[in-house]
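S.K.: Pasting the sequence and the predicted coordinates here, then a few questions.
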Amino acid sequence: QVQLVQSGGGLVQPGGSLRLSCVVSGRTISTYPTGWFRQAPGKERKFVAAISWSGRGTEHADSAKGRFTISRDNAKNTVYLQMNSLKPEDTAVYYCATRSRQYGSLSRSFEYDFWGQGTQVTVSS
């Protein structure tokens, strides 16, 4: 059974940083892609970043480029999202996700089969 447990959200001031963690159990993260998505109140879930199954490829949404970085630690079976220079518009519930296909689009939420519980990130002064 694949499970994703997230941690690391919270309240931060504009310009601050947070690191989200996603511990995956039930499979090895180096086997399939893992991604991060976010959903603001009243809006659809949107892609933030993803890392390929090999770890050699990453993809970031335009809104995240230069500020957010996805990475992983295979030994800990954990995927991270480092978020710097946070803005109020980054406020959302963030979700990590993985799937059972190695190839295909990394940015489409419907491609992912397993989801974390979500963690709130609030950027406010």
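M.R.: Alright, I've got the coordinates.

S.K.: My guess is Q13 contacts T91. True?
M.R.: No - using Cβ atoms under 8 Å, Q13 is not in contact with T91; the gap is 11.9 Å. Heads up, the C-betas are built off the backbone N, CA and C, glycines and all.

S.K.: The most centrally placed residue in the chain pairs with what?
M.R.: Centrality entry for the chain: nearest residue to the mean C-alpha point is W36, 2.2 Å, by Cα atoms, centre = their mean. On the basis of DSSP bridges, W36 is bridged to A49, C96.

S.K.: burial of the spatially closest residue to R27 that is not a sequence neighbour, as a residue count?
M.R.: The shortest distance from R27 to any non-neighbouring residue, by Cβ to Cβ, 6 or more residues apart in numbering, is to V2 (5.4 Å). Neighbour count for V2, taken as other Cβ atoms under 10 Å: 14.

S.K.: List the contacts of V2.
M.R.: 24-27, 98, 113-114 (Cβ atoms under 8 Å, 6 or more residues apart in numbering).

S.K.: Find the pair from the residues you listed with maximum spatial separation.
M.R.: Greatest spatial distance in those: S25 and D113, 14.7 Å, computed using Cβ to Cβ.

S.K.: tally of neighbours for G116?
M.R.: G116, neighbours per other Cβ under 10 Å, totals 24.

S.K.: That one: what's it in contact with?
M.R.: G116 makes contact with 4-6, 22, 95-97, according to Cβ under 8 Å, 6+ apart.

S.K.: Okay, helices next: where are they in the chain?
M.R.: Applying DSSP state H to the chain gives no helices.

S.K.: Can you give me the separation between Y112 and Y95?
M.R.: Taking Cβ to Cβ, to the nearest Å as the measure, Y112 and Y95 are separated by 9 Å.

S.K.: Next: Q1.
M.R.: In this view, Q1 and Y95 are 18 Å apart by Cβ to Cβ.

S.K.: Give me the more crowded residue out of those two.
M.R.: Legend: neighbour count by other Cβ under 10 Å for Q1 and Y95, higher for Y95 (23 against 6).
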